[in-house]
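Peer 1: Coordinates for the following, if possible.
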Amino acid sequence: MSIELIASTTFGLESVVKRECQALGFQNINVLDGKVEFTGNEEDIVKANLWLRCAGRIWIKIGSFTAVTFTELFDQTKALPWGDWIPQDGKFTVVGKSVKSTLFSVPDCQAIVKKAVVEKLKDKYKTDWFDETGASYTIQVGILKDVVILAIDSSGSGLHMRGYRANALDAPLKESLASAMVQLSYWQKDRILLDPFCGSGTIPIEAAMLARNIAPGLQRKFASEEWERIGKERWKKARAEAYQAIDYDVFPKIYGSDIDPAAITLAKANAEKAGVDDCITFEVKPLREISLPGKYGVIIANPPYGERIGELKEVEEMYRDLGAIMKGDYTWSTYLITSMEYFETLFGRKADKKRKLFNGRIKTDYYQFEGPRPPRT
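Peer 2: Below is the predicted model of the structure:
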């Protein structure tokens, strides 16, 4: 029997997650705002968590229905097969959200759903008492325009938390967004990549992991690893296969630089933990001293946005300097995310493409200046 699954996404990354789902062989893929739905089995839950680079979490969809009263919410929640996933000793919490719906009180909806699930499990296990000593389950009640979706989180912490970044600097770029920026660019593993504002190294590291085919979830734990229905053996097998899939023969030419020595120290440590330190050259260097290392390379970067007091003029000058550097070599492509609406004016060129993305809660544009493809050798 197929399981309905939901990969939550940051707005703007749905198409990237769809492509990742297609590459992993998932079936019945459907793209909606902020999520990609697909069907699979228990192995696919493991595979999605281990391999999806740009998704937020993997949710198991238990049911969907329309509800405008608490009675409807209770009755239809109780009718769902919660015992298929939550064992007698399982402990569960309920989180929620409600948008443009009659049932607008999220705490009340959470309480109703919790009560309904408990009553269902009482019926299934013929008991009035649960020890709650087993695995944890997080149920989400999401209501949009009176349509309720109930799902269980199989991931735990967000999928952007790969495990290689123990510490980050101020305003870190999520690993999932960094990977999406790489995947939305012209960059391939045989081309040079440069990030002149690399911070703690997230973009170069995500690019190197892509090049080496390193599963993004290989170094972390997931909520569903403890679930009876999935079992530890499935996870063990999937991890072993993921390790075998790594291509250690690939040595991409990736460069990261930053003006902050502490950032570069952190970036080197993160790259080592991710297993790609031999793929990336990090160095402390201000933007004006950058020289492009070769031809037909790609810059992918998340520079400062100039949103802090006293920083704006400095950032404007930085964008002008970057534009001047890129004018020096027409073979390079530039991909850059920023919230500054007049970035193109400072850079000195109109972008070939622009894509709206959210960096955390900041609305940004992903500017794409595409150089020529390298000649075939």
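
Peer 1: Spit out the contact partners of Ala48.
Peer 2: Contact partners of Ala48, counting by C-beta atoms under 8 Å, 6 or more residues apart in numbering, are Leu5, Ala7, Cys21, Leu24, Phe26, Gly40, Ala55, Ile58. Every C-beta, even on glycine, is put in place using the N, C-alpha and C of the backbone.

Peer 1: now the closest residue to Gly90 other than its chain neighbours, what's its secondary structure?
Peer 2: Nearest residue to Gly90, sequence neighbours excluded (C-beta to C-beta, 6 or more residues apart in numbering): Gly134, at 4.8 Å. For Gly134, the assignment made with DSSP: H, G, I helix; E, B strand; the rest coil gives coil.

Peer 1: and if you look at the one 3 residues further on?
Peer 2: Per three-state DSSP, the local secondary structure of Tyr137 is strand.

Peer 1: Check the one 5 residues further on too.
Peer 2: Three-state call for Gly142 (three-state DSSP): strand.

Peer 1: before we move on, back to that, please pick the buried ones from the contacts of Ala48.
Peer 2: Leu5, Ala7, Cys21, Phe26, Gly40, Ala55, Ile58 (16 or more other C-beta atoms under 10 Å).

Peer 1: quick one: the fifth one and Ala48, what's the gap?
Peer 2: By that I understand Gly40. Distance, Gly40 to Ala48, using C-beta to C-beta, to the nearest Å: 7 Å.

Peer 1: Now list whatever residues contact both of these two.
Peer 2: Leu5, Phe26.

Peer 1: residues in contact with stretch 107-120?
Peer 2: Under C-beta under 8 Å, 6+ apart, the answer for stretch 107-120 is 70, 73-75, 77-80, 82-83, 86, 92, 94-96, 98, 103, 130, 139, 141, 143, 150.

Peer 1: Among those residues, which lie within helices?
Peer 2: When DSSP state H defines the helices, the subset of the contacts of stretch 107-120 inside them is Phe70, Leu73, Phe74, Asp75, Thr77, Lys78.

Peer 1: Leaving out sequence neighbours, find the closest residue to the first one.
Peer 2: Right, Phe70. Excluding the flanking residues, the one nearest Phe70 by C-beta to C-beta, 6+ apart is Ile112, at 5.3 Å.

Peer 1: Glu316 now?
Peer 2: Spatial nearest neighbour of Glu316, excluding adjacent residues (C-beta to C-beta, 6+ apart): Leu346 at 5.6 Å.

Peer 1: quick one: what helix or strand has the one you found in it?
Peer 2: helix 343-347 (DSSP states H and E).

Peer 1: can you list the domains in the protein?
Peer 2: Per automatic domain parsing, the domain ranges recorded for the chain read 3-153, 175-215+224-369.

Peer 1: Tell me the confidence at the closest residue to Lys100 other than its chain neighbours?
Peer 2: Leaving aside its sequence neighbours, Lys100 sits nearest to Lys145 (C-beta to C-beta, 6+ apart; 5.1 Å). On pLDDT, Lys145 comes in at 97.

Peer 1: mind listing what Lys145 touches?
Peer 2: Residues in contact with Lys145 (C-beta under 8 Å, 6+ apart) are Val99, Lys100, Ser101.
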